[in-house]
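**Student:** no sequence on this one, just coordinates:
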């Protein structure tokens, strides 16, 4: 009788071990299936664009911006072009975002790192912009009539499906004194933008209150 009880206990123990082994195998198979689905079938395209800093050395005509790109998807993204822009006309009847393409110095690249570049899935890339902007190009009649001028960014991207996007948005508002000279600057954006969107944002920018997404913005008074 005791021998049968021992055999039954041993058989029960073996069944328990087998059940645990089977359960572990099923869990491993399920995890492998989920990983395969997320890696090869499921696609998440997400690219957030956050302006972190805008600095305009008015008297030297040097404009600097810092923009962070966060890829929250599971596919790589391509940053094709990024450039600062000024809201104005420049030989056109309608107001638009005019790219600022002048170089601050021959040793300072327009973008750092160089663009085009790839932003890896799950990664973050910070791009520094530098451009030459004479105060005379800012203090044009249309700006003076409105009492301010607007700086913005133009960002061209491509997702892993080959779709192209262009985002334009104000990032800073330059204010003027009574003599029409640049007095200072304030933020015109308080949120992250979707890099996979076609956005033609015009001044004055978004209406959100200052928060953790508001960039540091600075401009010195023109003398």
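**Tutor:** That came through, no problem. Everything quoted here is computed from the prediction, not taken from an experiment.

**Student:** domain parsing for this protein?
**Tutor:** When the chain is parsed with automatic domain parsing, its domains come out as 1-42, 47-219.

**Student:** Just name the most buried of those domains.
**Tutor:** Comparing the domains of the chain on average neighbours per residue, with mean count of other CB atoms under 10 Å, the densest one is domain 47-219 at a mean of 17. Bear in mind the C-beta positions are built from the backbone N, C-alpha and C, glycine included.

**Student:** distance between the ends of that domain?
**Tutor:** Domain 47-219 has its terminal residues 29 Å apart, counting by CA to CA, to the nearest Å.

**Student:** likewise stretch 203-212?
**Tutor:** OK, stretch 203-212 end separation, CA to CA: 21 Å.

**Student:** If you average the pLDDT over that stretch, what comes out?
**Tutor:** Averaging pLDDT along stretch 203-212 gives 93.

**Student:** returning to what we had before: where among the domains of the chain is the average confidence lowest?
**Tutor:** The weakest mean pLDDT among the domains of the chain belongs to domain 1-42, with a mean of 62.

**Student:** Could you say which helix or strand holds the most centrally placed residue in the chain?
**Tutor:** Nearest residue to the geometric centre of the chain (CA atoms, centre = their mean): residue 49, 1.5 Å. Residue 49 belongs to strand 47-57 when elements are defined using DSSP states H and E.

**Student:** quick one: strands adjacent to that strand?
**Tutor:** Its sheet considered, strand 47-57 pairs with strand 62-71 (antiparallel), strand 193-194 (antiparallel), strand 216-219 (parallel) by DSSP bridges.

**Student:** who does residue 84 bridge with?
**Tutor:** Taking DSSP bridges as the rule, residue 84 bridges to residue 153.

**Student:** Is it correct that it is in contact with residue 152?
**Tutor:** Yes - contact criterion CB atoms under 8 Å: residue 84 and residue 152 qualify, at 7.3 Å.

**Student:** And the host helix or strand of residue 149, what does it pack against?
**Tutor:** Using DSSP H and E, residue 149 sits in strand 148-158. Secondary-structure packing of strand 148-158 (3 or more CB pairs under 8 Å, 6 or more residues apart in numbering; DSSP states H and E): strand 47-57, strand 62-71, strand 77-88, strand 96-99, strand 164-176.

**Student:** at 6 Å instead, please
**Tutor:** With contacts taken as 3 or more CB pairs under 6 Å, 6 or more residues apart in numbering; DSSP states H and E, strand 148-158 sits against strand 77-88, strand 164-176.

**Student:** what lines up beside the helix or strand following the last one in the sheet?
**Tutor:** Helices and strands here follow DSSP H and E; after strand 164-176, the next one along the chain is strand 182-187. Paired with strand 182-187 in the same sheet, following DSSP bridges, are strand 164-176 (antiparallel).

**Student:** Tell me which residues are up against the partner strand.
**Tutor:** Residues from elsewhere that reach strand 164-176 (CB atoms under 6 Å, 6 or more residues apart in numbering): 51, 54, 97, 148-158, 182-186, 188-189, 193, 196-201, 203, 205, 217, 219.

**Student:** With that, I have no additional questions.
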